[in-house]
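Trainee: Fold the following and give me the result.
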Amino acid sequence: MKHDYDSGAYWKETLKLLRNVLILWFLVSFAAGIIFVEFLNQFHLGGYPLGFWFAQQGSIYFFVIQIFYYAWRMNNLDIKFDVQED
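Mentor: Predicted structure coming up:
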């Protein structure tokens, strides 16, 4: 079934969301777990240095939350542009 929507606007918003999700993914995994680990290790969470916690646990929690956020936002975009699955 063909939908009457602006595919350019849909893909522009989809790619913007994807870009933002990937930037956050990079910041949490690479930046917090590797680049800023020494700075973050000055702080503690649950008795562990924060940089270590991000590298071992925090990034995993963040990624799971990010998956649900991405699915929710994509569903909203699909509804907005009337391309949702029935």
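Trainee: Return the set of buried residues in the helix or strand hosting residue 20.
Mentor: Residue 20 is part of helix 7-26 when elements are defined by DSSP states H and E. Counting neighbours by 16 or more other Cβ atoms under 10 Å, one finds that the buried residues in helix 7-26 are 10, 13, 17. Placement of C-beta: from N, CA and C, glycine included.
Trainee: Next, format those as a markdown table and append distance to residue 77 and pLDDT.
Mentor: Compiled in a markdown table, the buried residues of helix 7-26 are given as follows (distance: Cβ to Cβ, whole Å; pLDDT from 0 to 100):
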| residue | distance to residue 77 | pLDDT |
| --- | --- | --- |
| 10 | 7 | 93 |
| 13 | 6 | 95 |
| 17 | 7 | 97 |
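Trainee: what helices or strands is the helix holding residue 20 leaning on?
Mentor: The contact analysis (3 or more Cβ pairs under 8 Å, 6 or more residues apart in numbering; DSSP states H and E) places helix 7-26 against helix 59-80.
Trainee: hang on, residue 66 packs against residue 23?
Mentor: No. The criterion here is Cβ atoms under 8 Å, and residue 66 misses it with residue 23 at 11.1 Å.
Trainee: hang on, the earlier thing: what's the following helix or strand after the helix holding residue 20?
Mentor: Next in sequence after helix 7-26, counting helices and strands by DSSP H and E, comes helix 37-40.
Trainee: Contacts only, for the most centrally placed residue in the chain.
Mentor: With distances taken as Cα atoms, centre = their mean, residue 21 lies nearest the centre of the chain, 3.5 Å away. Neighbouring residues of residue 21 by Cβ atoms under 8 Å, 6 or more residues apart in numbering: 66, 69-70.
Trainee: Looks like residue 39 contacts residue 51 (just checking).
Mentor: Yes. If you go by Cβ under 8 Å, residue 39 and residue 51 touch, sitting 7.4 Å apart.
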